[in-house]
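# Output the structure for:
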Amino acid sequence: MAILLDNVTKTYTEGDDAAVNQVSLTVAEGTIATLLGPSGCGKTTTLRLIAGFERPEAGRIAIGGRTVVDAGTWVPPEKRGIGMVFQDYALFPHLNVERNTAFGLKGRDVKEKVRATLNMVGLGSYLHAMPNQLSGGQQQRVALARALARDPVVILLDEPFSNLDTDLRSQMRQEVVEILRQAKATAIFVTHDQKEALAISDTIVVMKDGTIQQKGSPREIYQFPETAFVASFVGQSNLLRGTMGDNSLVNTQLGPVPCHHTHGAAPGESVTLSIRPDRFEMDPAGTLHGRVLSQVYTGEAIDAVVAMQRDNMAFEIIVHIHPEEQIRVGDMARFKVLPHFVAVIRDHH
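Residues are numbered from 1 along each chain as shown. As a prediction, this is how the structure comes out:
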């Protein structure tokens, strides 16, 4: 494993809740992991603990198989084999691209290594350019080249795309991931952007209140959330109370709903069901019917809030309707639930 955290805890002020609370995590070599969560969830603190900018009260951190901190060990940041890419890129304004990339490097082959790395990030012709002559995306690639030139065990990237506009952000996200893949680098991103995490990651680590809520692939996190927080934070979800029935059916106010992932819930057990809005499909023969209360056209879909009624019970759900459907606020519509990727959240989560 490139990175290992074992029951790591960090508290900034005595008496306060831990910023990071007994976090355990492994990141495999050559993979991209993303720490995802809202502000204050502990993701940046976790990154700073790995980098050595903060020291935990408890737990162990190993990088590349070497323990860098535990009860009796402390390896300073500069000796951890870490490359950092910050939000503001942290380029030296008085140094050109070549010298920024080479800063702190030693050895006879520095110039050759720096130029090879800049070629890899597409900046081989910008050796003598100054930072103020570069676009935001180019500055970001210089920061990435500086990190890669050190042959780090892992590269840590703290909200690296947050200062870019929407179009450039999407482009740079793709370019940076391609560069990391080409370099076979291990990387840990920090972001609060769910779509970004889903797009770039091999593994997503969803955090809340200093703890890990769920770890898994983007597909696992989105399709099979294990907690109500994950279901609601990573995309949208309809959370319905129900009782586990037979044959992977969950009895809810929608009626019996086929469930693709039960998380081991037993028949008769009280559960919460997560149904993504795209799991509802308009169907003239559907057993669910309701009135459209509001809708927003996004291009990819129509996001609609629908007032449902079944067995004298009134409730609202969020549905994604195909954009070609002709539907207006106030219209009545019928739906069915698609069985795949409907997941049970067990109460003890």
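
# Which helix runs longest in this protein?
Assignment by DSSP state H gives helix 166-183 as the longest helix of the chain.

# Any idea how far the helix or strand just after that helix is from the middle of the chain?
The C-terminal neighbour of helix 166-183 among helices and strands, as given by DSSP states H and E, is strand 187-191. Put simply, strand 187-191 sits 8 Å off its chain's centre (CA atoms, centre = their mean, to the nearest Å).

# Low-confidence stretches in the stretch 151-300 of the chain?
Within the stretch 151-300 of the chain, no range satisfies pLDDT under 70.

# all helices for it, in order.
With DSSP state H, counting those that start in this stretch as the criterion, the stretch 151-300 of the chain has helices at 166-183, 194-200, 218-223, 228-233.

# mind checking which of those is nearest residue 283?
helix 218-223 (21.6 Å; CB to CB). No exception for glycine: its C-beta is placed from N, CA and C like everyone else's.

# Now do that closest one: everything it contacts.
197-199, 201, 204, 206, 214, 230, 234-235, 260-261, 276, 341, 343 (CB atoms under 8 Å, 6 or more residues apart in numbering).

# Select only the buried ones of the residues you listed in PyMOL?
In PyMOL, this line selects whichever of the contacts of helix 218-223 come out buried by 16 or more other CB atoms under 10 Å:
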select buried, resi 197+198+201+204+206+214+230+234+235+261+276+341+343
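
# how far away is the most centrally placed residue in the chain from residue 112?
Nearest to the geometric centre of the chain sits residue 197, at 3.3 Å (CA atoms, centre = their mean). Note on residue 197: its distance to residue 112, by CB to CB, to the nearest Å, is 36 Å.

# try residue 118
Taken as CB to CB, the span from residue 118 to residue 112 is 11 Å.

# the more surrounded of the two?
residue 118 (25 against 10; other CB atoms under 10 Å).

# Other residues contacting the helix or strand harbouring the more buried one?
Assigned by DSSP H and E, residue 118 belongs to helix 110-120. Contacts to helix 110-120, defined as CB under 8 Å, 6+ apart, come from residues 97-98, 101-102, 105, 107, 124, 126-127, 142, 145, 148-149, 179, 182-183.

# before we move on, the earlier item: quick one: contacts for the residue nearest to the centre of the chain?
34, 36, 189, 191, 204, 218, 234.

# Out of those residues, which two sit at the greatest distance?
Within the contacts of residue 197, two members stand farthest from each other by CB to CB: 189 and 234, at 14.9 Å.

# count of residues packed around residue 191?
So residue 191, with other CB under 10 Å, has 23 neighbours.

# Can you tell me who it pairs with across the strands?
In this entry, residue 191 is beta-bridged to residue 36, by DSSP bridges.

# Run a quick neighbour tally on residue 111.
Neighbours of residue 111 using other CB under 10 Å come to 13.
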